[in-house]
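A.B. asks: no sequence on this one, just coordinates:
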């Protein structure tokens, strides 16, 4: 499980809070390491009421945009629950992270595989 000494960010407008929640779930619920948590396929929900002040009430539940990599069984289960599922190449945010490995006394970095960037240290 991830150390509590993790700092990360996911840029990308409306994808930011969704991406943050997905990273935390990947780290805590699925026990992924820092790089795996960022590389895992993401979901972006679109078409609902905008928390930034949109006053148009959601009427249809919006759309789930799925990145490639989700198991077929997961996609079918979402559709059976009534979700409208579409597949899109992005944007799914841009992720960067650093974690303190207390056991080994080092820092671990991770960088978004979908965008330019790298984790580097000295």
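C.D. replies: Yep, that arrived. Quick caveat: nothing in here was measured; it's all calculated off a predicted structure.
A.B. asks: any weak-confidence spans in this protein?
C.D. replies: For the chain, the stretches flagged by pLDDT under 70 are 1-4, 48-59, 122.
A.B. asks: tell me the SS of the residue nearest to the spatial centre of the chain?
C.D. replies: Here the mean C-alpha position of the chain is nearest to the C-alpha of residue 19 (Cα atoms, centre = their mean), at a distance of 3.4 Å. For residue 19, the assignment made with DSSP: H, G, I helix; E, B strand; the rest coil gives helix.
A.B. asks: Quick check, it in contact with residue 40.
C.D. replies: No - look at residue 19 against residue 40 with Cβ atoms under 8 Å: they stay out of range, at 10.9 Å. In this view, the C-beta of every residue, glycine as well, is placed from N, C-alpha and C.
A.B. asks: still on that earlier bit, so what's the residue nearest to the centre of the chain up against?
C.D. replies: 10, 12, 42, 92-93, 95 (Cβ atoms under 8 Å, 6 or more residues apart in numbering).
A.B. asks: now with 6 Å?
C.D. replies: 10, 93 (Cβ atoms under 6 Å, 6 or more residues apart in numbering).
A.B. asks: Show me the longest strand that occurs in the chain.
C.D. replies: strand 94-101 (DSSP state E).
A.B. asks: residues making contact with that one?
C.D. replies: By Cβ under 6 Å, 6+ apart, strand 94-101 touches 3, 5-11, 34, 38, 107-112, 115.
A.B. asks: Which of these fall within strands?
C.D. replies: Under the assignment DSSP E, the contacts of strand 94-101 contribute 6-11, 107-111 to strands.
A.B. asks: and which of those residues is nearest residue 78?
C.D. replies: residue 10 (21.5 Å; Cβ to Cβ).
A.B. asks: From residue 101, how far out is the closest residue to that closest one other than its chain neighbours?
C.D. replies: Spatial nearest neighbour of residue 10, excluding adjacent residues (Cβ to Cβ, 6 or more residues apart in numbering): residue 19 at 3.3 Å. As judged by Cβ to Cβ, to the nearest Å, residue 19 and residue 101 stand 23 Å apart.
A.B. asks: that older thread, any idea which of the ones in strands among the contacts of strand 94-101 is the one closest to residue 72?
C.D. replies: Using Cβ to Cβ, the ones in strands among the contacts of strand 94-101 come closest to residue 72 at residue 10, 26.1 Å.
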